[in-house]
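# take a look and give me a structure for this.
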Amino acid sequence: AAPCKLPASRAVPYGNMAAALVQYVVLRGDLARPPRSWPLGAVVAQGCHAALAAVHGYREHPDTGAYLELGAAMRTVAPDENSLLDLAESLKEKGIEHRLWMENPEGIPTCLALRPYPKNQVQQHLRKFKLLK
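Numbers count the residues shown, from 1 in each chain. Next up, the predicted model:
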């Protein structure tokens with residue numbers, strides 16, 4: 001099947017900056033450890049839900065269109081619940097657009113995803129978290 005292309009009006013050219021577009025997805029690493037002990041696939045599924053929710057919620061933003069056109073790299077980091085909630089609050093205060101994903105019906109905050117951003121605009125807010133291994 002041919003790849004789906006976004007309308008040209010939504011895919012803004014960024015020149016060299018386009019390669020620097022990223023979407024950070026922040027997963028809670030503590031979900032995979034006792035006492036919860038979720039399978040890694042279940043934790044990763046939460047990240048997928050959050051990433052899609054962020055892309056859908058900000059689908060009209062030019063960075064999102066450019067990111068989808070490029071198939072740019074995704075960064076994934078893994079704090080615990082308190083770190084996740086603190087990060088969500090900090091991002092909100094700084095005007096960084098994101099989606100906090102809640103596993104329902106339990107109401108457990110599991111991850112968050114930023115909309116695609118130029119890396120140099122958001123990296124400093126996520127620098128303290130490690131990549132998921």
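
# okay, residue 97: pLDDT?
Residue 97 carries a pLDDT value of 97.

# which elements pack onto the biggest helix by length in the chain?
Ranked by number of residues, the top helix in the chain under DSSP state H is helix 40-57. Packing contacts for helix 40-57, counted by 3 or more C-beta pairs under 8 Å, 6 or more residues apart in numbering; DSSP states H and E, involve strand 21-27, strand 98-103, strand 108-114. From N, CA and C alone the C-beta is placed, and that goes for glycine too.

# heading C-terminal from the helix or strand of the chain with the lowest mean pLDDT, find the next helix or strand.
Ranked by mean pLDDT, DSSP states H and E, the weakest helix or strand in the chain is strand 74-77, scoring a mean of 59. Using DSSP states H and E, the helix or strand that follows strand 74-77 in sequence is helix 81-93.

# between strand 108-114 and that next one, find me the angle.
40 degrees (axes from the mean of the first three to the mean of the last three C-alpha atoms, to 10 degrees).

# please state the offset of helix 81-93 from the chain centre?
13 Å (C-alpha atoms, centre = their mean, to the nearest Å).

# between that helix and strand 21-27, how big is the angle?
Using the same axes, to 10 degrees: helix 81-93 against strand 21-27 is 140 degrees.

# give the residue spans of the chain that score low on pLDDT.
Using pLDDT under 70 as the threshold, the predicted model of the chain has low-confidence ranges 1-19, 71-78.

# contacts only, for the nearest residue to residue 90 once chain neighbours are set aside.
In this structure, residue 90 finds its nearest non-sequential neighbour in residue 125, 6.7 Å apart by C-beta to C-beta, 6 or more residues apart in numbering. Residue 125 makes contacts with 87, 90, 91, 94, 96, as judged by C-beta atoms under 8 Å, 6 or more residues apart in numbering.

# redo that, cut-off 10 Å
Neighbour list for residue 125: 24, 87, 90, 91, 94, 96, 98, 114, 117 [criterion: C-beta atoms under 10 Å, 6 or more residues apart in numbering].
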